[in-house]
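>>> dropping the sequence and predicted coords here.
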Amino acid sequence: MNIEVRLAHNTERLVVRHMMELYQHDFSEFDGTDLDEHGQYGYYDLDCFWINPNFSVFVIKVDDKWAGFVLVNDEVLNPENSATIVEFFVLRKYRRHGVGQRAAQTILSSNPGRWEIKVIQENPAAFRFWQNVIQTNWPGQEQAATMDDDRWHGPVFTVTIPPGDF
């Protein structure tokens, strides 16, 4: 299995938008979101990830087939952190095959600093996934806390990625 994780090209915006609909379909189990009048979930600010220089879109491919995406930005809860994973999606077909693990490792390792990863309380599988990714790749570099304020409700992982780690 050849796993590719890279920054998305501008020409792939529509592909990412389509995968976002699949992500939001999966996520509707947790947040109760319904389709709009056009039969879409919509992600109101996806375009800002293509415009803002501090935002990034990564795509994941497996054997040259679309397998997911990751949205990253610098809008952190803790000002000591440098970046955060905003959305992380792997198509169901590729889950539990190391694709997500590889994507997370590649993105975090190629961008040293203090990362913040928020997980909604209602998604224990995501909590276990991130806990495993961090403890496997950067043992002793992580912190976990639960926030419950107007900014976030749920677990927040913080991990320091040293330069030259990958």
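Everything's here; your move.
>>> so where is the protein shaky, pLDDT-wise?
164-166 (pLDDT under 70).
>>> which helices and strands sit right next to the lengthiest helix in the chain?
Determined from DSSP state H, the single longest helix within the chain is helix 13-31. When contacts are defined as 3 or more Cβ pairs under 8 Å, 6 or more residues apart in numbering; DSSP states H and E, helix 13-31 sits against strand 56-62, strand 65-73, strand 83-90. Using the backbone N, CA and C atoms, a C-beta is placed for each residue, glycine as well.
>>> tilt between it and strand 56-62?
90 degrees (axes from the mean of the first three to the mean of the last three Cα atoms, to 10 degrees).
>>> for this structure, identify the residue most remote from the centre.
E37 (27.4 Å; Cα atoms, centre = their mean).
>>> for D26, see how far away it is.
Per Cβ to Cβ, to the nearest Å, E37 is found 21 Å from D26.
>>> count of residues packed around M19?
M19 has 20 neighbours, counted by other Cβ atoms under 10 Å.
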